[in-house]
Each structure stands twice: as structure tokens, then as C-alpha cells.
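Undergrad: Predicted model and sequence follow; I will ask about them next.
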Amino acid sequence: MEQRLQSGLAALNLPVEGIPALVRYGDLLIETNKVMNLTAITDPEDVATLHFLDSAALLTLESFSGKSVVDVGTGAGFPGLPLRVLEPSIRLTLLDSLNKRIQFLETVCRELDLPDVACVHARAEEFAAEHRETFDLAVSRAVAALPVLCELCLPQVKPGGKFLAMKSVESDAELAASQHAIAILGGAVEAVRDYAIPGTDVRHRLIVVEKVKKTPEKYPRMFAKIKKNPL
Ligand SMILES: C[S@@+](CC[C@H](N)C(=O)[O-])C[C@H]1O[C@@H](n2cnc3c(N)ncnc32)[C@H](O)[C@@H]1O
């Protein structure tokens, strides 16, 4: 794991000081995953590339320095926690609706001595209702289709901030189907950035949605409504 991180972070031109913390996090993930369903990725080298370097790549695509960031549906902490380890000035909130994953993240943050990371057990649509237009950035990977995800994430972003959706490079149709939702929720697609995960032939995509105006008060709706009738 360590070697993959060394070469991968060097390829991304990112600092290597966070490697011991990431290795400890990876060990905790693999150990805890034996008794709790946290991830399907269990090989240490794959954890290094498909979780840590995939998350880290965002630092080369957007500026995170000094920003407040919410990771919506963070699961075992991706992409938010590797971002915070590698860019300590991030003020991070990790959000998930599954409490055992939040408890795992609290343990990791304790072990990594990251007391300022907020680990929150909540559904995004409920948290969003109480934390409107609060964060500079919302990030999310592998949680929902983009129209649904936009309704969960964009209300939490300040006007002038951004929602960063990690998607596959085959998301053209998903993006096209989201234009209506993005516009209604006060967003505008700023960029679509494809990137490679170092040491692999995997390519992923970051869809950058700028928050250009406030989200109307009636969004987000209850999840049953969002799911039944996506924007
Ligand atoms: C497939 S996992 C992805 C986890 C992580 N983002 C990653 O890429 O490894 C999806 C996560 O989203 C969470 N989730 C799904 N819907 C949610 C919602 N409405 N609010 C908060 N969390 C949600 C699930 O509990 C789960 O942990």
C-alpha cells in the first residue's frame, strides 16, 4: 500500500507527508471490513489506488485549501477523509445515513488525531434542510444518479461554491439528464474533468457544478419524493 501511495502521490504532484496516516487508515479499513461491510475493495494495493488515489486526484482538479467541505454519502470516508489528510486546511464534514459507518469514521479520526472532522449520522436531505447554503464545496462519490444527487448536495452549497460529483467517464447521458435539476437547484455545470488514477488504467470523471444562485426553499424534498419524481 505504501509504495503505491508513494508513486501515485508523486505522479499527482501531491505531498507525501500524509502517507503514514493513509496507511493506518487503510489498515483500519481492511481490518474492520472483516466484521462490518464497509467496502468491496479489500486488496491493500487496490485500497491505495481505487480509494486513496482516486480521492486524492481531486486535489489536482479543484482548489480545496481552507474550504469547508461536506462529503455526502461518505461511506467509509471517500473521498472526504483522504482529501483532509492530504490537505489539512480543509474543514470537513463526513455525512452518511448508516450509523455504523459513521462510528467507524469516528474511530479513524481518533486514531489519526483529526478531532476537528465532523462525522455526522444523518440523511443528506434532512441534514441539507438544516444546513442550507453552508459549505464552500460538497463532494460525493457512488451515492446516487446525478439528478437525485444534485438535490441532496446543491442545497448545502453556498452561492459561489461548488458541487463536485465523482462519476464514471461514461456519464454523458446522466449529465444530459441532469440539466433540468441543476438549473432548478441554482447550479450551472462549470466543467467536466476526466482524470486517470495513477498506476492503473482506470479513468474517472469529476463533474463540477457551480452554485450560481440560491436553491429554492422547497428543495430538498423528502427522499421518497426525490426518488419517485427526480427533477
Ligand atoms: C456505495 S456507498 C459509497 C461510499 C463512498 N462515497 C465511496 O465512494 O466509497 C453509498 C453511501 O451513501 C450512503 N447514502 C445513501 N443515501 C444517502 C442519503 N440520502 N443520505 C446520506 N447518506 C446516504 C450510504 O449509506 C452509503 O454509505
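TA: Alright, I've got the coordinates.
Undergrad: so who does Ala11 touch?
TA: Contact partners of Ala11, counting by CB atoms under 8 Å, 6 or more residues apart in numbering, are Pro198, Gly199. Bear in mind the C-beta positions are built from the backbone N, C-alpha and C, glycine included.
Undergrad: any idea how far the ligand is from it?
TA: Per CB to the nearest ligand atom, to the nearest Å, Ala11 is found 21 Å from the ligand.
Undergrad: Check Cys150 too.
TA: The value you get for Cys150 to the ligand, if CB to the nearest ligand atom is used, is 13 Å.
Undergrad: Which of the three states applies to that residue?
TA: helix (DSSP: H, G, I helix; E, B strand; the rest coil).
Undergrad: Just give the number of residues close to Asp96.
TA: 24 (other CB atoms under 10 Å).
Undergrad: for the one 3 residues further on, same thing?
TA: Taking other CB under 10 Å as the criterion, the count of residues near Asn99 is 10.
Undergrad: Run through the residues that contact the closest residue to it other than its chain neighbours.
TA: Of all residues not flanking Asn99 in the chain, His121 sits nearest, at 4.7 Å (CB to CB, 6 or more residues apart in numbering). Neighbouring residues of His121 by CB under 8 Å, 6+ apart: Asp96, Ser97, Leu98, Asn99, Ile102.
Undergrad: Look up the closest residue to the second one, ignoring the ones flanking it.
TA: Think Ser97. Arg123 is the one closest to Ser97 (CB to CB, 6+ apart), at 4.7 Å.
Undergrad: Now the phi/psi pair for that neighbour, please.
TA: Main-chain torsions, Arg123, degrees, to the nearest 10: phi -80, psi 140.
Undergrad: ok, which stretches of this protein are strands?
TA: In the chain, the strands defined using DSSP state E lie at 68-72, 91-96, 118-121, 135-141, 157-168, 187-196, 203-211.
Undergrad: So the second one, near the ligand or not?
TA: This points to strand 91-96. Yes: using CB under 6 Å from any ligand atom, we find that strand 91-96 touches the ligand at Leu95, Asp96.
Undergrad: Let's see that strand as PDB, backbone CA atoms only.
TA: Extracted in PDB, the C-alpha atoms of strand 91-96 (Å, rounded to 0.1, in the frame of the first residue of the first chain):
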ATOM      1  CA  ARG A  91     -12.800  22.000   7.300                       C
ATOM      2  CA  LEU A  92     -14.500  18.600   6.800                       C
ATOM      3  CA  THR A  93     -17.900  17.200   7.500                       C
ATOM      4  CA  LEU A  94     -18.500  13.500   6.700                       C
ATOM      5  CA  LEU A  95     -22.100  12.600   6.200                       C
ATOM      6  CA  ASP A  96     -23.800   9.200   6.000                       C
END
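Undergrad: Each with direction, which strands does that strand pair with?
TA: Using DSSP bridges, the strands paired with strand 91-96 are strand 68-72 (parallel), strand 118-121 (parallel).
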